[in-house]
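Trainee: just coords:
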């Protein structure tokens with residue numbers, strides 16, 4: 001049972017972008033008895049995370065949820081969310097693109113007590129490839145093994161994407177430089193489906209909660225090796241090896 005809310009309520013967000021393991025992290029944090037962690041409430045997700053369904057009416061359902069949730073008024077939506085629940089820590093996921101809404105950005109910047117778990121993926125090349133593979137998948141999160149898929153990757157676009165991703169991360173660090181922040185990388189998140197012990201301990205300390213094991217039901221979607229995902233890997237590797245992102249080929 002979640003503990004009762006009190007004046008020591010801790011407000012926090014996971015700040016991130018696509019393909020960083022953030023959905024699994026939301027599930028892990030929500031498994032902690034002192035944490036309530038929602039997904040993307042700024043685009044209409046409910047307070048309690050639920051598995052998203054596809055289908056022909058996916059966009060219609062998403063729009064209806066956006067309107068019904070109150071996300072049209074992001075400041076009020078966030079304020080109501082933080083005031084609800086019963087756990088010591090109340091948090092949700094914020095994607096970089098959500099902050100294109102100036103009202104959402106202003107609210108979070110003004111609330112300097114909100115703690116920021118800033119999640120990134122060190123290997124930006126894998127982020128780019130993973131995004132390219134998304135349209136080839138029926139689901140972007142899976143709960144049982146699936147077959148690998150491959151794609152051709154344009155080297156110039158991959159390099160530009162990595163530079164843009166790095167700039168986005170640095171920009172959001174600056175936007176929230178007055179907030180308590182904990183940097184976390186995808187590469188240090190998981191041991192199988194469990195949150196790595198050291199990472200779990202760091203997050204629990206940052207959120208001021210009791211150390212606790214945390215687990216997600218989501219499993220890794222893509223292979224570990226880029227060679228298994230990219231049909232023109234040698235061409236891509238030759239181009240990337242001549243840039244500041246050479247270590248992303250490991």
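Mentor: Thanks, I have it. Please read these numbers as outputs of a predicted model, since none were measured by experiment.

Trainee: what about residue 228, neighbour count?
Mentor: Residues near residue 228, counting by other Cβ atoms under 10 Å, number 12. (Glycine included, C-beta is placed from N, CA and C.)

Trainee: Pull the contacting residues for it.
Mentor: Residue 228 sits next to 148, 150 when contact means Cβ atoms under 8 Å, 6 or more residues apart in numbering.

Trainee: where do the helices sit along this protein?
Mentor: Here the chain has its helices, by DSSP state H, at 22-30, 58-69, 74-83, 102-110, 124-133, 155-175, 197-207, 233-240.

Trainee: Would you format these as TSV with mean neighbour count included?
Mentor: As requested, the helices of the chain are exported to TSV (neighbours: other Cβ atoms under 10 Å):
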stretch	mean neighbour count
helix 22-30	23
helix 58-69	12
helix 74-83	17
helix 102-110	16
helix 124-133	20
helix 155-175	15
helix 197-207	17
helix 233-240	16
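
Trainee: Which one of the ones you listed has the poorest average confidence?
Mentor: Per-segment mean pLDDT for those reaches its minimum on helix 58-69, at a mean of 51.

Trainee: what's the spacing between residue 82 and residue 173?
Mentor: Relative to residue 173, residue 82 is positioned 23 Å away (Cβ to Cβ, to the nearest Å).

Trainee: rewinding a little: just so I know, which of the helices of the chain lies nearest residue 149?
Mentor: helix 124-133 (5.9 Å; Cβ to Cβ).

Trainee: Packing partners of that closest one?
Mentor: For helix 124-133, the packing partners by 3 or more Cβ pairs under 8 Å, 6 or more residues apart in numbering; DSSP states H and E come out as helix 155-175.

Trainee: Contacts for the helix it packs on, please.
Mentor: Looking at helix 155-175 with Cβ under 8 Å, 6+ apart, the contacting residues turn out to be 15, 17, 96, 99, 105, 109, 118, 120, 124-125, 127-129, 181, 235-236, 238-240, 243, 245, 248.

Trainee: what's the answer for stretch 176-191, then?
Mentor: Contacts of stretch 176-191 (Cβ under 8 Å, 6+ apart): 15, 20-21, 24-25, 108-109, 112-123, 173, 195-199, 202-203, 206, 216, 220.

Trainee: can we see that at 7 Å?
Mentor: 20-21, 24-25, 112, 114-123, 195-196, 199, 202-203, 206 (Cβ atoms under 7 Å, 6 or more residues apart in numbering).

Trainee: Kindly supply the ChimeraX command isolating those of these that are buried.
Mentor: Buried members of these, defined by 16 or more other Cβ atoms under 10 Å, are picked up in ChimeraX with:
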select :20,21,24,25,114,115,116,117,118,119,120,121,123,195,199,202,203,206
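
Trainee: sorry, back to before: any chance of a markdown table for the helices of the chain, columns distance to residue 39?
Mentor: Shown next, in a markdown table, are the helices of the chain (distance: least, Cβ to Cβ, whole Å):
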| stretch | distance to residue 39 |
| --- | --- |
| helix 22-30 | 5 |
| helix 58-69 | 11 |
| helix 74-83 | 11 |
| helix 102-110 | 15 |
| helix 124-133 | 19 |
| helix 155-175 | 18 |
| helix 197-207 | 17 |
| helix 233-240 | 32 |
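
Trainee: Just the ones of the contacts of stretch 176-191 in strands?
Mentor: Using DSSP state E, the subset of the contacts of stretch 176-191 located in strands is 115, 116, 117, 118, 119, 120, 195.

Trainee: Grab the nearest non-local neighbour of the second one.
Mentor: Nearest in space to residue 116, with sequence neighbours left out and distances taken as Cβ to Cβ, 6 or more residues apart in numbering, is residue 181 at 4.5 Å.

Trainee: Count the residues that sit near the one you found.
Mentor: 16.

Trainee: for the helices of the chain, which one sits closest to residue 10?
Mentor: Minimum separation from residue 10 across the helices of the chain (Cβ to Cβ) falls at helix 197-207, 6.0 Å.
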